[in-house]
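Student: predicted structure and sequence below. I'll ask about it afterward.
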Amino acid sequence: MNPALQGLFTIILGVGGCIGYFYFSNQFLDKVLFPAKGPNAGRNINRANMVRPWLFLFPALALLGLYLAYPVFETLRLSVSERVSGGGSKFVGFANYSQMFGEPKFWEAMGNNMLWLIFVPAMSTAFGLLAAQLTDRIKWGNIAKSLIFMPMAISFVGAAVIFKLVYDTRPIDQEQIGILNAIYLWFGGDAPQTWLTIPLWNNFFLMVVLIWIQTGFAMVILSAALRGIPEDTIEAAIIDGANPFQIFFKIKIPQIVGTIVVVWTTITIVVLKVFDIVFAMTNGQWETQVLANYMFDKLFRANDWGVGSASAMIIMLLVTPILVWNVYNVRKEMK
Amino acid sequence: MANVKLTHVDKVYGGTVEVLKDINLDIKKGELVVFVGPSGCGKSTLLRMIAGLEKITGGTLEIDGVVVNDIPPSQRGIAMVFQSYALYPHMTVRDNMSFALKLAKKSPQEIEDAVNRAAEKLQLTQYLDRLPKALSGGQRQRVAIGRSIVRDPKVYLFDEPLSNLDAALRAATRIEIAQLKEQMPDSTMIYVTHDQVEAMTLASRIVVLANKGIAQVGTPLDLYERPENEFVAQFIGSPAMNLLPGEIIETGEKTKVRLSGGGVAISDVKSKASDKGKEVNIGIRPEDFVLAEGDDYTFEGKVNHREALGEVTLFYFAKQGGADVVISKLPGIHTGVRGKTVRLSAPSSKVQVFHNGKSLYYR
């Protein structure tokens, strides 16, 4: 069958299946299980209404359980077991963990992740806030916002490819197609640099990609928050004698601090899971390894699912508290 | 010395939309001037122009003899109280009140003293360390007033400060503002409201704004007793003044008008011999009507609807011709009048005469 037809068929089947599920399960509930007639009509209606939410929740709960909850426990099990030759596995306690903690590559990934954690959310939020404030009152502000937001529509891998070209290096006697080298040479640089191989700096060259993507997200959310600030408080500050900087830092920022925290933590979670960018650009070489890529390396290249699962557990351990805090803040914001 | 002086002030939005035109007003030191007018008449815009939040398109604004058109709000010597209070939600009451002084780099001791003084005056001392969200509406508005007091401005600007409060609190806060004004006899206040009661009770002078300009300026009772035109006559007082069409039949120290409804009205307003035969509207407030005995009446009509409020009774009369519904407000309780024809008259001192919308009194 033609893949397009196949896709269409799958979509129809999926959507139809969903509609069918909700329709027929409700019919069953209302007509067969608890019919709204007979001597117990009132009681039956109440019971049907108590069951109905679970009917709606069931598909989501089942799928989340199968694809999220179960893998968590399976990964936990794998991280404390070892493959036995000839199939099967045996419990080894924390052997995988201690092996992992002994590897310098793991600590390199941890260190780099911390670097990412500090710089990417901070820079994305700062640039996003700046862009939101600067585009707020100008005529072409909406065009500027659209342009800044556009990278959000590009996949991480796509963005990585774009920036790989930006950082591209050609031999000195050839024309440079990487814009960074072109600029570097134009400003009097002696020889084209292979940017992605310069330790420590190459981490920042990778971070730029994610900052480039996440700034748009931060800007959109913070722009809405800035517009939600009552105009009166700003006018009162003008009358009180505040200059534009004081208004921004003492009146506006404190009023949207909750939103800033939400944006910051949301980006932090994205950063902790960062994989595609590193995978597509350096694959962890030249001291750019990060945890997610390390996990992928162990799990699918070295086929060592013991250490791979252990590193996955570490990532989950790092993400969970931030996630909890993020959800707490989002709820507070929505109140 | 005049404290606030507006000369030929205009406001135009976007080069085409004219909001205010040729406003001339002289507000003296220590006055409490109230701007009233129908919604959209530009009263808030005028206040915001004085504050410096809106640009003045034409004319000059002087505060204490200095033209301030291009001086930023904070240096004009004004303070403003907003309808929504506009408190900084992330600052305590104390920080809210001291923000302007901190920006002005006053010494901590000076700030402390000013805040404590204002807090005492407004009974806010015990709330100084609370955030605005932990205060009631009335308390918030007092903080907003306190925030302006600490700056010790030359002119206080109030933009509908009571309209977010419920009725009981509004009355209480209104009295507080009146007492505050008494405590600070030298400070000038400009107050925008759409509430007539606030205007009548607080103002030393009322400015009625309508049709992009000033309809009348005067003391509250001036406006009530001697409105300059039909607009002010109907705007001040509730229910609005009744306007009855007629023709002048006798002139002199008193003016006699035969009304198209058949009655006759005599007014204390003087008229010239040349006025005889002119088409006029006479204006009588609902509360000035009395029941007429015999054939000496001004208005005769059938009572369509009656509202008994106990202390007064409102009669709504059936419409006659093109005129508005006539309303009378008689003291006491009147029963069994619905559907009946009633004759009313009014003392000559209470009868206004308008020709082409303008009062003959002011010629």
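Tutor: Now that the structure is in, tell me what you want to look at. These numbers were taken from a predicted model, which means no experiment stands behind them. Numbering: from 1, shown residues only, chains lettered A, B, ... in the order given.
Student: pLDDT below threshold where in the stretch 201-350 of chain B?
Tutor: Within the stretch 201-350 of chain B, the ranges that satisfy pLDDT under 70 run B:321-323.
Student: quick one, strands of it?
Tutor: All strands of the stretch 201-350 of chain B, identified by DSSP state E, counting those that start in this stretch, fall at B:205-210, B:213-218, B:242-250, B:255-259, B:264-267, B:279-284, B:290-291, B:299-308, B:312-317, B:327-331, B:341-345.
Student: can those go into CSV with extra columns for distance to A:Ile148 and mean neighbour count?
Tutor: No exception for glycine: its C-beta is placed from N, CA and C like everyone else's. CSV is the format used below for the strands of the stretch 201-350 of chain B (distance: least, CB to CB, whole Å; neighbours: other CB atoms under 10 Å in any protein chain shown):
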stretch, distance to A:Ile148, mean neighbour count
strand B:205-210, 45, 22
strand B:213-218, 47, 19
strand B:242-250, 61, 19
strand B:255-259, 72, 21
strand B:264-267, 71, 21
strand B:279-284, 63, 22
strand B:290-291, 74, 14
strand B:299-308, 62, 16
strand B:312-317, 63, 19
strand B:327-331, 62, 18
strand B:341-345, 72, 18
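Student: tell me the contacts of A:Ile251?
Tutor: A:229, A:233-234, A:237, A:242, B:88 (CB atoms under 8 Å, 6 or more residues apart in numbering or on different chains).
Student: which residues of the stretch 101-250 of chain B lie near chain A?
Tutor: Neighbours of chain A within the stretch 101-250 of chain B, by CB under 8 Å from any CB of the partner chain: B:103-104, B:147, B:151.
Student: which of those residues has the most neighbours?
Tutor: B:Arg147 (28 neighbours; other CB atoms under 10 Å in any protein chain shown).
Student: is it true that it touches B:Asp95?
Tutor: No - if you go by CB atoms under 8 Å, B:Arg147 and B:Asp95 don't touch, sitting 10.2 Å apart.
Student: mean confidence score for the helix or strand hosting A:Arg43?
Tutor: Following DSSP states H and E, one finds A:Arg43 within helix A:41-64. The average pLDDT for helix A:41-64 rounds to 88.
Student: I would like the residues contacting it, please.
Tutor: Contacts of helix A:41-64 (CB under 8 Å, 6+ apart): A:18, A:21-22, A:25-26, A:29-30, A:33-36, A:38.
Student: how distant is whichever helix or strand comes after it from the center of its chain?
Tutor: Using DSSP H and E, the helix or strand that follows helix A:41-64 towards the C-terminus is helix A:70-79. Centroid displacement of helix A:70-79 relative to its chain, using CA atoms, centre = their mean, to the nearest Å, is 22 Å.
Student: buried residues of helix A:70-79, list them for me.
Tutor: A:75, A:78-79 (16 or more other CB atoms under 10 Å in any protein chain shown).
Student: angle of it against helix A:41-64?
Tutor: Using axes from the mean of the first three to the mean of the last three CA atoms, to 10 degrees, the direction of helix A:70-79 lies 40 degrees away from that of helix A:41-64.
Student: show me what helix A:70-79 is packed up against.
Tutor: helix A:305-334 (3 or more CB pairs under 8 Å, 6 or more residues apart in numbering or on different chains; DSSP states H and E).
Student: ok, for B:Pro245, nearest residue in space, not its chain neighbours?
Tutor: The shortest distance from B:Pro245 to any non-neighbouring residue, by CB to CB, 6 or more residues apart in numbering or on different chains, is to B:Ser260 (5.1 Å).
Student: hmm, that neighbour is touching B:Leu243, no?
Tutor: No - look at B:Ser260 against B:Leu243 with CB under 8 Å: they stay out of range, at 11.8 Å.
Student: pull the helix or strand with minimum mean pLDDT from chain A.
Tutor: The helix or strand of chain A with the poorest confidence is strand A:89-91; it has a mean of 77 (mean pLDDT, DSSP states H and E).
Student: before we move on, back to that, any idea how far the helix holding A:Arg43 is from the chain center?
Tutor: 32 Å.
Student: list the buried residues of that helix.
Tutor: In helix A:41-64, counting by 16+ other CB under 10 Å, buried: A:44, A:48.
Student: C-alpha coordinates for it, CSV please?
Tutor: Output in CSV follows, covering the C-alpha atoms of helix A:41-64 (Å, rounded to 0.1, in the frame of the first residue of the first chain):
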residue,chain,number,x,y,z
ALA,A,41,-33.4,5.6,37.9
GLY,A,42,-32.1,8.3,40.2
ARG,A,43,-29.5,6.1,41.8
ASN,A,44,-28.4,4.7,38.4
ILE,A,45,-27.9,8.2,37.0
ASN,A,46,-25.7,9.1,40.0
ARG,A,47,-23.7,5.9,39.7
ALA,A,48,-23.2,6.4,35.9
ASN,A,49,-21.9,9.9,36.5
MET,A,50,-19.4,8.5,39.1
VAL,A,51,-18.1,6.0,36.6
ARG,A,52,-18.0,8.3,33.6
PRO,A,53,-14.8,10.3,34.5
TRP,A,54,-12.9,7.0,34.8
LEU,A,55,-14.2,6.0,31.4
PHE,A,56,-12.8,9.1,29.9
LEU,A,57,-9.5,8.8,31.8
PHE,A,58,-9.0,5.1,31.1
PRO,A,59,-7.2,5.3,27.7
ALA,A,60,-4.8,8.0,28.9
LEU,A,61,-4.1,6.2,32.2
ALA,A,62,-3.5,2.9,30.4
LEU,A,63,-1.2,4.4,27.9
LEU,A,64,0.8,6.5,30.4
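Student: name the strands paired with the least confident helix or strand of chain A and say parallel or antiparallel.
Tutor: Note on strand A:89-91: by DSSP bridges, its sheet partners are strand A:81-83 (antiparallel).
Student: contacting residues around the strand it pairs with?
Tutor: With CB under 8 Å, 6+ apart as the criterion, strand A:81-83 contacts A:89-92, A:95-96, A:305-306.
Student: and of the residues you listed, the nearest to B:Ile78?
Tutor: The closest of those to B:Ile78 turns out to be A:Asn96 (CB to CB; 71.6 Å).
Student: need the contact list for the closest one.
Tutor: A:79-80, A:82, A:306-307, A:309-310.
Student: give me the element it is part of.
Tutor: helix A:95-101.
Student: what does chain A have sitting close to chain B?
Tutor: A:230, A:232-233, A:235-242, A:246, A:250-251, A:254-255, A:257.
Student: buried members of these into ChimeraX, please.
Tutor: Command for ChimeraX that selects the buried part of the residues of chain A next to chain B, burial taken from 16+ other CB under 10 Å:
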select /A:230,232,233,235,236,237,238,239,240,241,242,246,250,251,255
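Student: out of the residues of chain A next to chain B, which sit inside strands?
Tutor: In strands, judged by DSSP state E, none of those are found.
Student: read off the pLDDT value for whichever residue of the stretch 151-300 of chain B sits closest to chain A.
Tutor: Going by CB to the nearest CB, chain A is nearest to B:Arg151 of the stretch 151-300 of chain B, at 7.6 Å. Here the pLDDT value assigned to B:Arg151 is 86.
Student: immediately after the helix holding A:Asn96, which helix or strand?
Tutor: helix A:104-134.
Student: give the buried residues for that next one.
Tutor: A:106, A:108-110, A:112-113, A:115-117, A:119-121, A:123-125, A:127-129, A:131-133.
Student: so in chain B, which helix runs the longest?
Tutor: helix B:167-183 (DSSP state H).
Student: quick one: buried residues of that helix?
Tutor: Quick answer for helix B:167-183 (16+ other CB under 10 Å): B:169-170, B:173-174, B:176-177, B:180-181.
Student: same thing with stretch A:209-229?
Tutor: A:209-223, A:225-226, A:229.
Student: is it true that B:Leu46 lies in a helix?
Tutor: Yes - under the criterion used here (DSSP: H, G, I helix; E, B strand; the rest coil), B:Leu46 sits inside a helix.
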